[in-house]
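Novice: What follows is a predicted structure for the sequence shown.
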Amino acid sequence: QPMAVRGNTLNLKSVINDLGLADVSQSKFTESTLKPSSTKTASDGANHEAPKPASPPQIAPVPAIKPAKVVNRPVRSGQQVYAEGSDLVITAAVSEGAEVLADGNIHVYGTLRGRALAGVKGNTQARVFCQSLDAELISIAGQFIMHDKVKTSCWKQPAQIYLEDESLHIEPIA
């Protein structure tokens with residue numbers, strides 16, 4: 001069954017369309033790709049172009065997952081730490097006046113007193129986790145809450161903060 005036509009097809013456009021064939025005259029196929037191979041069939045004795053065996057489908061490369069940025073010392077007042085394209089893990093405290101930012105999640109295995117901005121490039125699934133919640137500001141994908149609204153039942157307790165229905169929610173970590 002023919003599938004395409006190539007060559008001088010200028011006067012045959014309507015016929016090609018009526019037959020449902022593709023016009024590959026202007027395509028970027030190389031001669032080796034379109035090279036016909038003849039096979040004789042027993043039923044009609046005519047030559048037919050045998051379809052070229054399909055090459056295996058190309059698998060799109062998966063972007064490598066960027067490892068989390070890990071900070072093993074306290075983040076002091078006036079310091080800023082940014083984890084571009086990944087999560088941020090801090091194994092110490094974040095002092096008042098410090099700022100921690102990540103395109104992904106933020107994990108603070110200490111007291112979070114400064115500002116935490118997760119999902120800074122719009123990741124609405126990002127979360128902030130901390131061992132002791134005492135933050136000046138928390139932001140996820142641009143939605144933020146200030147110090148006075150952070151004081152909840154999770155104040156100075158292990159907590160997670162996440163975005164749902166365009167508002168931030170604070171829950172204890174069980």
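Specialist: That came in fine, so what should we check first? Numbers count the residues shown, from 1 in each chain.
Novice: so which helix or strand takes in Y109?
Specialist: In the assignment (DSSP states H and E), Y109 maps to strand 106-112.
Novice: Might you calculate how far that strand sits from the centre of the chain?
Specialist: Put simply, strand 106-112 sits 25 Å off its chain's centre (CA atoms, centre = their mean, to the nearest Å).
Novice: Repeat that for stretch 70-88.
Specialist: The mean C-alpha position of stretch 70-88 is separated from the chain mean by 22 Å, CA atoms, centre = their mean.
Novice: I'd like the mean pLDDT over that stretch, please.
Specialist: Regarding stretch 70-88, the rounded mean pLDDT is 97.
Novice: Could you give the separation between the terminal residues of it?
Specialist: Criterion CA to CA, to the nearest Å; first-to-last residue distance in stretch 70-88 is 6 Å.
Novice: So which residues make contact with it?
Specialist: For stretch 70-88, contacts defined as CB atoms under 8 Å, 6 or more residues apart in numbering pick out 66-69, 89-107, 110, 114, 120. C-beta here means a position set from N, CA and C on the backbone, and glycine is covered the same way.
Novice: likewise stretch 133-147?
Specialist: Contacts for stretch 133-147 (CB under 8 Å, 6+ apart): 96-97, 111-120, 122-124, 126-128, 150, 154-159, 161-163, 166-168, 170.
Novice: And the longest helix seen in the chain, how far out from the chain middle?
Specialist: Criterion DSSP state H: the longest helix present in the chain is helix 13-18. Remark: helix 13-18 is offset 43 Å from the chain centroid, using CA atoms, centre = their mean.
Novice: A strand includes D148, no?
Specialist: No. Using DSSP: H, G, I helix; E, B strand; the rest coil, the assignment for D148 is helix, not a strand.
Novice: and the longest helix of the chain, what other elements does it pack with?
Specialist: If contacts are counted by 3 or more CB pairs under 8 Å, 6 or more residues apart in numbering; DSSP states H and E, helix 13-18 sits against no helix or strand.
Novice: Buried residues of that helix, list them for me.
Specialist: Within helix 13-18, no residue is scored as buried using 16 or more other CB atoms under 10 Å.
Novice: surely I173 meets A159?
Specialist: Yes. The criterion here is CB atoms under 8 Å, and I173 meets it with A159 at 6.1 Å.
Novice: Thank you kindly, that will do.
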